[in-house]
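**Q** The following block contains a protein sequence and its predicted model.
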Amino acid sequence: MKVAFFSLALLAAVAAPLLVPTHAAERFDCGSAARENVRLASVGERFDMNLADGRAITFPTLEPPRPTSAAPDRPHEVAAELTSWLIGQNLTLQRLAGPDRWGRIPSRLFIAGEAESVDEILAATGLAMASIAAGACGANVRAAEAAARDERLGIWADPDFALLSGDERRDFLARSGTVALVEGRVSSIGQTAPRLYLNLGDGRGGLSLTIARRNQPLFERAGLTEAKLLHKTLRARGVLEIGAGPQIELFHPDQIEFMEDRH
């Protein structure tokens, strides 16, 4: 995998939209979907890319860059770096779904001679965070992100992207409204009419994972019943919100990873 295209200054880069992209029902298989030769015309600051033929594409597997106090110009810098890297390259496009509501085609891009897709390379170098709902082909991007996170590459050396402990009583306000990774043990499960609460930690002030009742059947079909989740150590990905307490809403089973139970 070639990563030398990126400047060292940008190894502190990328992640996190507040909205999860909505894709059309049309889907393509990650491994067998056809590829076509394309040329890139421009790269936007939210990974919105325009092809020379006028079509717009996006990476559904990645969160767009967001600024932090350590890297306030990150979106602009990442877009400029990608423009320098990809414009003029021989690229192949693999469509992952039909156009989204904004007319963008969820896709993967490959540079001639590279086995990894561009989104995998971005995640592997610590320049990007995997999206909340990575969808098709998301597993490889998640694996690339995990390796970069373990080595504290790029954004994973930035405190604003640090893994949060759901067991810890702390002020989560600084991370409110951003996509975050949180890890903790589900100590109890609470219920209200509209939603289920997976409470991390053993007391008030901890973080909760919430599941809307209308989405609960989706989790149960994936085997994520209350009995399966209780007392398990999880890693979850989603937008951190501060309501009555810090919480992350789960709307898809892919947002949950089971960690080795340490209790």
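**A** Arrived safely, thanks for sending. Numbers count the residues shown, from 1 in each chain.

**Q** Direction included, what does the lowest-mean-pLDDT helix or strand in the chain pair up with?
**A** Every helix and strand in the chain was compared by mean pLDDT, DSSP states H and E; the lowest is strand 164-165, with a mean of 88. Strand 164-165 has its sheet partners listed here by DSSP bridges as strand 179-191 (parallel).

**Q** quick one: buried residues of the strand it pairs with?
**A** 179-187, 189 (16 or more other CB atoms under 10 Å). (Each C-beta comes from the backbone N, C-alpha and C, glycine too.)

**Q** ok, those vs residue 85, which is closest?
**A** Distance to residue 85, by CB to CB, is smallest for residue 179 among the buried residues of strand 179-191, at 24.1 Å.

**Q** can I assume that closest one is in contact with residue 236?
**A** No. Counting by CB atoms under 8 Å, residue 179 does not reach residue 236; the two are 10.9 Å apart.

**Q** Break this protein down into its domains, please.
**A** 8-157, 163-258 (automatic domain parsing).

**Q** just those domains: most buried one?
**A** By mean neighbour count, with neighbours taken as mean count of other CB atoms under 10 Å, domain 8-157 ranks first of those at a mean of 18.

**Q** got the residue ranges for the helices in the stretch 51-200 of the chain?
**A** 74-86, 118-124, 138-150 (DSSP state H, counting those that start in this stretch).

**Q** Run through the residues that contact residue 236.
**A** 181-183, 209, 248, 250, 255-257 (CB atoms under 8 Å, 6 or more residues apart in numbering).

**Q** redo that, cut-off 6 Å
**A** Applying CB atoms under 6 Å, 6 or more residues apart in numbering to residue 236 gives the contacts 182, 209, 248, 255-256.

**Q** Kindly reformat these as JSON lines and extend each row with distance to residue 149, secondary structure and pLDDT.
**A** Below are the contacts of residue 236 laid out as JSON lines (distance: CB to CB, whole Å; DSSP: H, G, I helix; E, B strand; the rest coil; pLDDT from 0 to 100):
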{"residue": "182", "distance to residue 149": "13", "secondary structure": "strand", "pLDDT": "93"}
{"residue": "209", "distance to residue 149": "20", "secondary structure": "strand", "pLDDT": "95"}
{"residue": "248", "distance to residue 149": "18", "secondary structure": "strand", "pLDDT": "94"}
{"residue": "255", "distance to residue 149": "16", "secondary structure": "helix", "pLDDT": "92"}
{"residue": "256", "distance to residue 149": "17", "secondary structure": "strand", "pLDDT": "92"}
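
**Q** Just the pLDDT at residue 224, thanks.
**A** With respect to pLDDT, residue 224 scores 94.

**Q** Any figure for the gap between it and residue 156?
**A** The gap separating residue 224 from residue 156 is 27 Å, by CB to CB, to the nearest Å.
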